[in-house]
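Novice: attaching a predicted model along with its sequence, questions to come.
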There are 2 protein chains.
Amino acid sequence: MMRRYAILALDRFKTDAKTAHGVIRYGDDEVVAVIDPSAAGRRVRDVLPYLNSDAPIVAGVSDALQFSPTALLIGTAPKGGGLPPEWRGAILEGIAARLEIVSGLHEMLDDDLEFRAAARAAGTTIWDVRRPPDVPLFSGAAYDVGAPVVLTIGNDCAVGKMTVSLELVRAANDAGRKTRFVPTGQTGVLVAGWGICVDRVISDFAAGAAEQLVLYAAHEGADLIVVEGQGAINHPAYAAVTLGLMTGSAPDALVLVADPRRRQIETYPTPTLSYSESIAIHERLIATVKPANVVGIALNTLGLSEEEARAEIERAGAETGLPAGDLVRSGAGDFYAAIAPRLGKRPPLTATASA
Amino acid sequence: MMRRYAILALDRFKTDAKTAHGVIRYGDDEVVAVIDPSAAGRRVRDVLPYLNSDAPIVAGVSDALQFSPTALLIGTAPKGGGLPPEWRGAILEGIAARLEIVSGLHEMLDDDLEFRAAARAAGTTIWDVRRPPDVPLFSGAAYDVGAPVVLTIGNDCAVGKMTVSLELVRAANDAGRKTRFVPTGQTGVLVAGWGICVDRVISDFAAGAAEQLVLYAAHEGADLIVVEGQGAINHPAYAAVTLGLMTGSAPDALVLVADPRRRQIETYPTPTLSYSESIAIHERLIATVKPANVVGIALNTLGLSEEEARAEIERAGAETGLPAGDLVRSGAGDFYAAIAPRLGKRPPLTATASA
């Protein structure tokens, strides 16, 4: 059943609600209201035009109920860790109204005894999106999935792997190919309404989690599967997650997502990789398990002028000989059309074949 | 304080007690008795000569108490998952005798209400070795460790990375270099009496766990640090753990541990890598964060004749130009002497240096 979301974003919808913005822009579930007293009476479009949504902004949970929400989404995280009293009150109000509580906070709301008891009493549930389910070890069943699998990789965290994945899914669906998005991070899970935060999975099971997600997408029926990548292969802290997704999702093709201005990995001294070095390392590594090529480069040129963006895209194409583009700036249609012929299935390497 | 272990290995000490054997052979803590009624009255040496231990084997926990143990180590796992009644009884007997309970089982004994309550009542504790502590994200502090860090890598799981690491530590200590072993898996943790099972850490924190272990070893004072590796870089299920250890322990040098007869990764179709391919991939990958070279190849030639082993070692040396040897068969002294000149510190890559 689809959810109808009221999004809790007290006093920070405009400035600090990345999760809320992602769900509004890309979510399969409807957003019927945003709760933020600092912007009450306006509409989402008035505050953030690019989100292209007429959802009303209201002052409190009780005001949102007139729009018949089924779930209250915690759309942003309060600064400093602990939940401030006004958040607690709003969440309890949502529970009392029998809304499902959906949270991407690090803090697990279902572990909070007051919330938990209130939800049980009201007959509703709390979904802590970051809490991973138990998954089996990687089995190799992903190798038998019939639909080609595309995995996004990146030159750093937070360069747009989820956005590129979603734009690619939209373009492929527009082109008549039944395509499913596989969410692996908090916002992606909220956008799709299912998935696993793979970075929260015990490291032994990271690949198994990625495999389960691909199997689920295949089971739902898909002609093409696009997996949201995480981190970067040379990220000093998160490379393990990146590689778990690479081996576990068993991709047939990779799409490199890069912010061309990013010179180092987050706050670490580590330099980002050049396009050609990144392609070479990913392809060589994945070739030891199941060959896959980088089939295109999706650039994040946010903040560049039209001319600068064009120059960066031309440089990426010239350096690598691959289709390149900014899928947000120019739409994903041409990019998808350019990579579509390169999305064939590729079998895993086998010990006998290589002997 | 050092532990004095009684090892619980009911009816399977000889056949199915890898953890017990590891602790007896390599452990810093003393093993004062083994509990196995099927071999009671004999000594460890009589049952398994290569363990080189005179520890007595007794029939039950009460018989072991005369040797003044301080801890009861669950040295093997009962088949089929659940604890059989005779194991429960023995563990409760150990608790009643105020022994610390040390367990490497998947099942967390401290989550068992009966064991937990009994331990609290008796005033003793339960250490579930597989349960990882909370660790911070990788910070980069490992880059400032003064002692060279060596990480073992392998062509598969269970090829001897722990054993090679321990033999290398012994040889380096014998050569007068204060060397510490960094345990990252269950048996390694039990052998050393500290450490973290990195494969049980949430994948986001795998590198952070490896870093904390290296920082601890450095803090304890070490001229050389040898980190036990896990998995294989092309292991379909565990490569994430392998890479988390590579980025997180920030090694200055790698030692490749390989079983030359292993043709595929565990039960997966994936072929094992050739020595030269393995060296190339590990070095290229780690060079994107902090350069490190493979400085030697430690072969596991168990089961080969002396002549076959020599041929394999010569082949490995000829193919790679690196020192090669079987550290169990021939001792680690020569191997350590050959690689010692290659164990210098290497700084991490930095964004400014590469611009």
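Specialist: Received the coordinates, thanks. Numbers count the residues shown, from 1 in each chain, chains lettered A, B, ... in the order given.

Novice: can we go C-alpha only for contacts and neighbour counts from here?
Specialist: Fine.

Novice: right, is stretch A:223-243 up against chain B?
Specialist: Yes. Using Cα under 8 Å from any Cα of the partner chain, stretch A:223-243 comes into contact with chain B via A:234, A:235, A:236, A:237, A:238, A:239, A:240, A:241, A:242, A:243.

Novice: quick one: the helices in chain A?
Specialist: A:18-26, A:44-47, A:61-64, A:85-96, A:113-122, A:161-174, A:186-192, A:206-219, A:239-248, A:275-286, A:306-320, A:327-330, A:333-339, A:351-354 (DSSP state H).

Novice: make JSON lines out of the ones you listed and add mean pLDDT and mean neighbour count.
Specialist: What follows is the helices of chain A, written out as JSON lines (pLDDT from 0 to 100; neighbours: other Cα atoms under 10 Å in any protein chain shown):
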{"stretch": "helix A:18-26", "mean pLDDT": "90", "mean neighbour count": "21"}
{"stretch": "helix A:44-47", "mean pLDDT": "96", "mean neighbour count": "17"}
{"stretch": "helix A:61-64", "mean pLDDT": "98", "mean neighbour count": "18"}
{"stretch": "helix A:85-96", "mean pLDDT": "95", "mean neighbour count": "17"}
{"stretch": "helix A:113-122", "mean pLDDT": "97", "mean neighbour count": "15"}
{"stretch": "helix A:161-174", "mean pLDDT": "97", "mean neighbour count": "23"}
{"stretch": "helix A:186-192", "mean pLDDT": "93", "mean neighbour count": "23"}
{"stretch": "helix A:206-219", "mean pLDDT": "98", "mean neighbour count": "25"}
{"stretch": "helix A:239-248", "mean pLDDT": "98", "mean neighbour count": "31"}
{"stretch": "helix A:275-286", "mean pLDDT": "98", "mean neighbour count": "18"}
{"stretch": "helix A:306-320", "mean pLDDT": "98", "mean neighbour count": "15"}
{"stretch": "helix A:327-330", "mean pLDDT": "95", "mean neighbour count": "16"}
{"stretch": "helix A:333-339", "mean pLDDT": "98", "mean neighbour count": "17"}
{"stretch": "helix A:351-354", "mean pLDDT": "65", "mean neighbour count": "12"}
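
Novice: quick one: which of those is nearest residue B:143?
Specialist: helix A:239-248 (16.8 Å; Cα to Cα).

Novice: can I get that closest one in CSV, CA atoms only?
Specialist: The C-alpha trace of helix A:239-248 is given here as CSV (Å, rounded to 0.1, in the frame of the first residue of the first chain):
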residue,chain,number,x,y,z
ALA,A,239,35.5,1.7,0.8
ALA,A,240,34.4,-1.5,2.5
VAL,A,241,30.7,-0.6,1.9
THR,A,242,31.5,0.4,-1.7
LEU,A,243,33.2,-2.9,-2.4
GLY,A,244,30.5,-4.9,-0.7
LEU,A,245,28.0,-3.3,-3.1
MET,A,246,30.2,-4.1,-6.0
THR,A,247,30.6,-7.8,-5.3
GLY,A,248,27.1,-8.3,-3.8
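
Novice: which strands or helices does it pack on?
Specialist: In terms of contacts (3 or more Cα pairs under 8 Å, 6 or more residues apart in numbering or on different chains; DSSP states H and E), helix A:239-248 is packed against helix A:206-219, helix B:239-249.

Novice: right, and the ones you listed - which one's nearest residue A:52?
Specialist: Judging the helices and strands packed on helix A:239-248 by Cα to Cα, what sits closest to residue A:52 is helix A:206-219, at 28.1 Å.

Novice: from the contact counts, what lies against that closest one?
Specialist: strand A:179-182, strand A:224-227, helix A:239-248.

Novice: could the ones you listed be laid out in a markdown table, adding distance to residue B:269?
Specialist: As requested, the helices and strands packed on helix A:206-219 are exported to a markdown table (distance: least, Cα to Cα, whole Å):
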| stretch | distance to residue B:269 |
| --- | --- |
| strand A:179-182 | 25 |
| strand A:224-227 | 23 |
| helix A:239-248 | 13 |
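
Novice: and of the residues of stretch A:223-243 next to chain B, the nearest to chain B?
Specialist: Nearest to chain B out of the residues of stretch A:223-243 next to chain B is residue A:240 (Cα to the nearest Cα; 4.3 Å).

Novice: pLDDT at residue A:53, what is it?
Specialist: Per-residue pLDDT puts residue A:53 at 95.

Novice: does any part of stretch A:115-135 sit near chain B?
Specialist: No. Stretch A:115-135 stays clear of chain B (Cα under 8 Å from any Cα), getting no nearer than 10.2 Å.

Novice: show the end-to-end separation of that stretch, please.
Specialist: Terminal residues of stretch A:115-135 lie 26 Å apart, using Cα to Cα, to the nearest Å.

Novice: identify all contacting residues around that stretch.
Specialist: A:91-92, A:95-106, A:108-110, A:186, A:189-190, A:196-198, A:200-201, A:205, A:208-209, A:212 (Cα atoms under 8 Å, 6 or more residues apart in numbering or on different chains).

Novice: try it again with 7 Å
Specialist: By Cα atoms under 7 Å, 6 or more residues apart in numbering or on different chains, the residues outside stretch A:115-135 that reach it are A:92, A:95-96, A:98-104, A:106, A:108-110, A:186, A:196-197, A:200-201, A:205, A:208-209.

Novice: are any of those buried, and which?
Specialist: A:92, A:95, A:98-104, A:109-110, A:186, A:196-197, A:200-201, A:205, A:208-209 (16 or more other Cα atoms under 10 Å in any protein chain shown).

Novice: thinking again about what came up before, tell me the one of the residues of stretch A:223-243 next to chain B nearest residue B:329?
Specialist: Nearest to residue B:329 among the residues of stretch A:223-243 next to chain B is residue A:240, at 33.8 Å by Cα to Cα.

Novice: can you pull the contacts of the residue nearest to that closest one when sequence neighbours are not counted?
Specialist: Leaving aside its chain neighbours, residue A:240 sits nearest to residue B:240 (4.3 Å; criterion: Cα to Cα, 6 or more residues apart in numbering or on different chains). Residue B:240 makes contact with A:203, A:240, A:241, A:243, A:244, according to Cα under 7 Å, 6+ apart.
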